[in-house]
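Colleague: Structure here, sequence nowhere to be found:
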């Protein structure tokens, strides 16, 4: 009899755990919960959750704490995902991963004892409540059963009971099944906030690839880009905007985390033979943080922060991902490289057009907001292919012409023009949905141009610590909020966008153990006087390029024993090395670089 009881208990717990895994995965794709019956989800959770916690005996609470301690193998007072999976018991790894995700309320990829206790208490008590309400044993809770129990046993009034029932009855059939109850309750349990504030803006980031400062006509470049020009006329154009690196992956890591990329161990292009295989899912990212607070999130286009499934964008807070994982793909032939979430699922067409179309669709489907959309274009990165360069139209390229500027430049121009049209289509989708006054759009490039493009008037380009490597075109657009036709000379960096969004959305900062390095540009965007002239910025690309530092108008580059010092106000082209003319400044900036390198070691 004991053996049978143990077996049944194990089977039941395993089944419920698997059910929780299903519940967690299904809930990722659902719309944020709205206010029901006059009560926000957070209000209902506060009412019922507090009652549940109060009803747990001290003996049961100690049992939960003992279970937590047994899983906490290293005794640091928190659970890592690895500890959860390895602890095992009779549950499958999939089941334990689902439980871990449900308990990780703040999305920082560790579960504290408080999170663990709250999740266990609410989940277990929720299951008991469902079982108690199921008077006839059909595993369904009718509205009358629910309201009768809530009013008689929990002391709720009928209005509250009906509001809760309406929220739990996700398919609207007048009955609650256990999966429905756990799905909605799990979402409430993972959130400590009320329904999203209507004042939180939608966020769209359009990121070009390898686009130089001197390419687009917004900056007097050689390619006419009318849609970017209109965006600039209606918004703010930055003349001193910097990416965190002069190459792709580090810039994206810093932008998504709001921290120097060295802290997450990505200082070079993500590839199997270089640096690190990808951005660790334990890192806090802007989409994860926004998703936690009610935003719908999507990435359309390029990822380049890890090709293995565990590094996939869906594990970094993106509800939707359509695009590619590597540094570049064929613009036309991507049957084996185009993803929809974790699965390879091709879409026929030119990649620039697909990214634009998917972005416009996401806006239309989620315009009631709030939403966060990252539009990560492939253009103008190699391979240099226009819409006309379909597989059947191509001719072999002689090796001598492969990197010919004369061959590449005409294609580069068309590629940029197509991306510019895409910018126009995305902004038109925002206008068509009537949410232009609720939507902040930022356009910028991930680094400077290759030799076929232009980073003029700056020295250098991609893979360079000179200004042309990391000073890039950038435009902010938010009608009614960001003043039209403004040109800002403020020294800003891509990693500043994370704290900027937090300020504009009224959201709290991430956990204190991973503070943001960026500064909020909220005041700057809204027309307030903000002095960023003397801030210190660092561009680390060790050991290939060394480390650069910006301090006001001064710029220093240190690689090994070589030091270069430039005054960008009098020498914007970085032609005259002033190390010997200003030895004290050179020494103090070199010392600051060394201190910074120690401060941003991986894991800090």
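Modeller: That came through, no problem. All values reported here derive from a predicted model rather than from experimental measurement.
Colleague: switch to C-alpha atoms for all contacts and neighbour counts from now on
Modeller: Fine.
Colleague: Against residue 262, how distant is residue 547?
Modeller: Relative to residue 262, residue 547 is positioned 12 Å away (CA to CA, to the nearest Å).
Colleague: my bad, residue 552
Modeller: With distances defined as CA to CA, the gap from residue 552 to residue 262 amounts to 23 Å.
Colleague: of the two, who's got more company?
Modeller: Taking neighbours as other CA atoms under 10 Å, residue 552 and residue 262 compare with residue 262 leading, 23 against 16.
Colleague: which phi and psi does that one have?
Modeller: Per-residue torsions, residue 262: phi -60, psi -30 (degrees, to the nearest 10).
Colleague: Looks like it contacts residue 598 (just checking).
Modeller: No: between residue 262 and residue 598 there is no contact, the gap being 10.2 Å when judged by CA atoms under 8 Å.
Colleague: For stretch 244-261, what is the distance to the chain centroid?
Modeller: Shown here is stretch 244-261, whose average C-alpha point lies 12 Å from the average C-alpha point of the whole chain (CA atoms, centre = their mean, to the nearest Å).
Colleague: Distance across that stretch, terminal residue to terminal residue?
Modeller: Its first and final residues considered, stretch 244-261 spans 8 Å by CA to CA.
Colleague: in the stretch 501-604 of the chain, which spans are strands?
Modeller: Using DSSP state E, counting those that start in this stretch, the strands assigned to the stretch 501-604 of the chain run over residues 536-541, 546-551, 554-559, 562-567.
Colleague: Relative to residue 332, which of those strands is closest?
Modeller: Across the strands of the stretch 501-604 of the chain, the minimum distance to residue 332, taken as CA to CA, is reached by strand 536-541, at 32.6 Å.
Colleague: who does the closest one pair up with?
Modeller: In the sheet containing strand 536-541, the strands it pairs with under DSSP bridges are strand 546-551 (antiparallel).
Colleague: Return the distance of the strand it pairs with from the chain's centre.
Modeller: With CA atoms, centre = their mean as the basis, the mean position of strand 546-551 lies at 27 Å from the chain mean.
Colleague: any residues touching that strand, and which ones?
Modeller: Here strand 546-551 makes contact (CA atoms under 8 Å, 6 or more residues apart in numbering) with 465, 533-541, 555-560, 589, 593.
Colleague: That one to strand 562-567, inter-axis angle?
Modeller: Taking axes from the mean of the first three to the mean of the last three CA atoms, to 10 degrees, strand 546-551 and strand 562-567 form an angle of 20 degrees between their directions.
Colleague: ok, and for strand 546-551, which residues are buried?
Modeller: The neighbour-count criterion (16 or more other CA atoms under 10 Å) identifies 546, 547, 548, 549, 550, 551 as the buried residues of strand 546-551.
Colleague: Using CSV, please lay out the residues you listed together with pLDDT and distance to residue 518.
Modeller: CSV is the format used below for the buried residues of strand 546-551 (pLDDT from 0 to 100; distance: CA to CA, whole Å):
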residue, pLDDT, distance to residue 518
546, 97, 21
547, 98, 18
548, 98, 17
549, 98, 15
550, 98, 14
551, 97, 15
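Colleague: so can I have CSV of those residues showing distance to residue 510?
Modeller: CSV is the format used below for these (distance: CA to CA, whole Å):
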residue, distance to residue 510
546, 30
547, 28
548, 28
549, 27
550, 27
551, 27
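Colleague: Now which of the contacts of strand 546-551 would you call buried?
Modeller: Neighbour-count burial (16+ other CA under 10 Å) applied to the contacts of strand 546-551 gives 465, 537, 538, 539, 540, 541, 555, 556, 557, 558, 589, 593.
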